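In: Any chance you can model this:
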Amino acid sequence: MPLPRATRRAVLGAALASPFIRPASAQALTPIRFILDWKAQGPHAWYYVAQSRGYFREAGLDVTIDQGEGSAAAVTRVMSGAYDAGFGDINAVIQNAAGRPGEQPVMVYLVYNRAPYAIISRADGPVRTLKDLEGRQVGAPAGSATARMFPALAARNGVDPSKVRMAAIAPNLVEQMLVQGQVDAVAQFSGTSYMNFVGMGKDPEKDFRWFFYSDMGLDQYSNGVLVSQALLKNRPEAVRGLTTAINRAIQEVARNPDAGIAELKKVEPLTDTAIEKQRLLYMLRAQMTTPETGTLGLGDLSDKRLEGAIGTVVETYGLPRTPGVRDVFLRDFLPAREARLLPVVG
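Out: Below is the predicted model:
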């Protein structure tokens, strides 16, 4: 119901004083085209919760969510103008900030504080160390951030990446091709493959070897909410509304994962709710709940650590310039720290 004129004046005055108040009834909704990094899975539940429960609308936004083709590809799609915002990889942002400064999307809310990148091989296969990848084939989805960051991992571990054959694989075939021996290893998000192996009746711990980038000298950040330069410059209030709505939904899903998976099921009726709940909890515990998020709150990051990550990407790819922290990440639109502290995930 529309607010009385006097009430609208009062609300508008409050909105000018507080950027968090944006009643949809007092202004037209800002359309936002939002792309995910992947097909809809458990760790995407909060985006659909924010949409279905009206959190985006309360923030003055009309958000359309599309599934993606890789976390690095999501960055490219936002930079191209096809999307206004998305969920993508900060390391791809760094590369674009170095090569095409002023055009790159900027991350405004970091979700995966610990990168979930992993090289995975079969326990009974020939790849027992990273060095064993030389002369062999590694499969990865096109647009994979894990594959894009492999040269950096190789440089840290004495592996010649030119001797490793990278094969593009359809996203739904990655784990299957590894299990069938059609590739010697895969470069994939750990949470994606871990639960896909479970769904295939495999034991992820016993049947496979896991080479986690974060355990092998590559302390990178990973995926988060990123926005286009146009949205940042022309609709800063929409950026703030986006981070506020998503943060609210993340907190709710962390407290009640079943409710988040129920929303996901509405979007993808064929969702295996048991598998996707496990995948959601895996990412919450392994990639989002860290000592750093306990101190800074989810969404924020350490400038010093990001500077190191930027240096790693610049050195690995021989980039023409070293972007600054604010070329890559802006904390200007984050909700208060207290609102971003994750509850203990059971």
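In: Enumerate every residue touching Val313.
Out: Val313 makes contacts with Asn91, Ile94, Gln95, Ala98, Met149, Ala152, Leu319, as judged by CB atoms under 8 Å, 6 or more residues apart in numbering. (Each C-beta comes from the backbone N, C-alpha and C, glycine too.)
In: Next up, identify which helix or strand it is on.
Out: helix 303-317 (DSSP states H and E).
In: Now whichever helix or strand comes after that helix - C-alpha only, CSV.
Out: Going down the chain from helix 303-317, the next helix or strand is helix 325-328, by DSSP H and E. Taking C-alpha atoms only, helix 325-328 is exported to CSV below (Å, rounded to 0.1, in the frame of the first residue of the first chain):
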residue,chain,number,x,y,z
VAL,A,325,43.8,-2.7,-3.8
ARG,A,326,41.0,-0.3,-4.7
ASP,A,327,41.2,-1.2,-8.4
VAL,A,328,40.2,-4.7,-7.3
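In: contacts for helix 325-328?
Out: Under CB under 8 Å, 6+ apart, the answer for helix 325-328 is Ile90, Val93, Ile94, Ala97, Pro101, Gln104, Val106, Met107, Asp303, Leu306, Glu307, Ile310.
In: Which member of those is positioned nearest Tyr47?
Out: Met107 (15.6 Å; CB to CB).
In: sorry, back to before: and the two most separated of the contacts of helix 325-328?
Out: Pro101 and Asp303 (18.8 Å).
In: dump the residue contacts of the residue most central in space within the chain.
Out: The centroid of the chain falls nearest to Asn223 when counting by CA atoms, centre = their mean (2.7 Å). Residues near Asn223 by CB under 8 Å, 6+ apart: Asp37, Ser71, Phe87, Gly88, Asp89, Ile90, Val111, Tyr112, Ala145.
In: From Ala145, how far off is it?
Out: For Asn223, the distance to Ala145 equals 8 Å [CB to CB, to the nearest Å].
In: Check Leu153 too.
Out: 12 Å.
In: Tell me which of the two has more neighbours.
Out: Higher neighbour count among Leu153 and Ala145: Ala145, with 29 against 26, using other CB atoms under 10 Å.
In: Settle this for me: that one is touching Ile94, isn't it.
Out: No: applying CB atoms under 8 Å as the test, Ala145 and Ile94 come out as separate, 11.1 Å apart.
In: Right, I'll call it a day here.
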